[in-house]
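Novice: show me the folded form of this:
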Amino acid sequence: MIIQETGLREYEVEKVPANTGIHEIFEKYIHKAKPLYIDNYLWVENDYQPQVEVRLLYSANYIFVKFDVFENEVTARFTEINAPVYKDSCVEFFVNPLPEQTSKYFNFEINPLGTLLAESGFKRKRNKLTATDISQIHINASLDKPLVGILDSGVWEIELAVPLSLFEKYYGREINLDLARANFYKCGDETKYVHYAAWSEVVSGKPDFHLPAHFGMLKFKK
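Specialist: Residues are numbered from 1 along each chain as shown. Below you'll find the predicted structure:
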């Protein structure tokens, strides 16, 4: 079980109507969700702080996540699943939907091309999800080809729909969403302006997002 620290951020996740399709969720509903902001820029003092908004919804079968990244210059190179996309311009969703029962969590890391690095485990003891498992995750990205340079639109987007059945496979039990521990990140280890940012602040002497004690709280409204 993860011990909760005080002062962590919280976000209420609204539930969408039953039998609403994934495409419809992102077309009609997700933009109405209240945004959270990845605005705790950490460890590097270079004044590079692009605005990142995240919106969440959920249903009986999925967690839906929408990232809007306002960034004029991007690095988007990796196209193979489970590549080290954190070296590119990258957004990340770390989540444990069973924090009272286990400290195991998932990390989903995505570059502007929608290339996903996905793992499950405990801090530094994590295993990559298989290609079959990753194929169950809906991903839509605004970039369709690699780019290192100026992004004309000045914003890139990621849509992510993670099936609860995937969590259930790895936890070996049914998932009924109530409270979850989670964090959201923006980074770019090998970009023009190296940067690291979190939604719920991470306290560490060096860059490290894999610290579940600093995850914030998601509350799923019934």
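Novice: list the contacts of the closest residue to residue 59 other than its chain neighbours.
Specialist: In space, and not counting its chain neighbours, residue 59 is closest to residue 16: 5.1 Å by CB to CB, 6 or more residues apart in numbering. C-beta: built from backbone N, CA, C; applies to glycine. Going by CB atoms under 8 Å, 6 or more residues apart in numbering, residue 16 touches 25, 29, 57, 58, 59, 64.
Novice: for residue 33, see how far away the fourth one is.
Specialist: Right, the one you point to is residue 58. Separation of residue 58 from residue 33 (CB to CB, to the nearest Å) stands at 10 Å.
Novice: overlap of the contact sets of these two?
Specialist: Shared contacts of residue 58 and residue 33 (CB under 8 Å, 6+ apart): residue 14.
Novice: higher neighbour count, these two?
Specialist: More crowded of residue 58 and residue 33, by other CB atoms under 10 Å: residue 58, with 22 against 19.
Novice: so what's that one up against?
Specialist: By CB under 8 Å, 6+ apart, the residues touching residue 58 are 13, 14, 15, 16, 64, 177, 220.
Novice: could you do residue 115 as well?
Specialist: Shown in contact with residue 115 (CB under 8 Å, 6+ apart): 78, 79, 80, 81, 83, 85, 88.
Novice: go on, residue 183?
Specialist: When contacts are counted by CB under 8 Å, 6+ apart, residue 183 touches 94, 198, 199, 200, 202, 209, 214, 215, 216.
Novice: 10 Å instead?
Specialist: Going by CB atoms under 10 Å, 6 or more residues apart in numbering, residue 183 touches 8-9, 38, 40, 92-96, 105, 107, 198-202, 209-212, 214-216, 218.
Novice: could you report the distance from the residue nearest to residue 59 to residue 55?
Specialist: In this view, residue 16 and residue 55 are 12 Å apart by CB to CB.
Novice: now do the same end-to-end measure for stretch 68-82.
Specialist: 22 Å (CA to CA, to the nearest Å).
Novice: just checking, residue 161 touches residue 140?
Specialist: Yes: with contact defined as CB atoms under 10 Å, residue 161 reaches residue 140; the gap is 8.8 Å.
Novice: how is the spatially closest residue to residue 89 that is not a sequence neighbour assigned, secondary-structure-wise?
Specialist: Residue nearest to residue 89 in three dimensions, not counting chain neighbours: residue 74, with 4.3 Å by CB to CB, 6+ apart. Classification of residue 74 using DSSP: H, G, I helix; E, B strand; the rest coil returns strand.
Novice: appreciated, that's everything.
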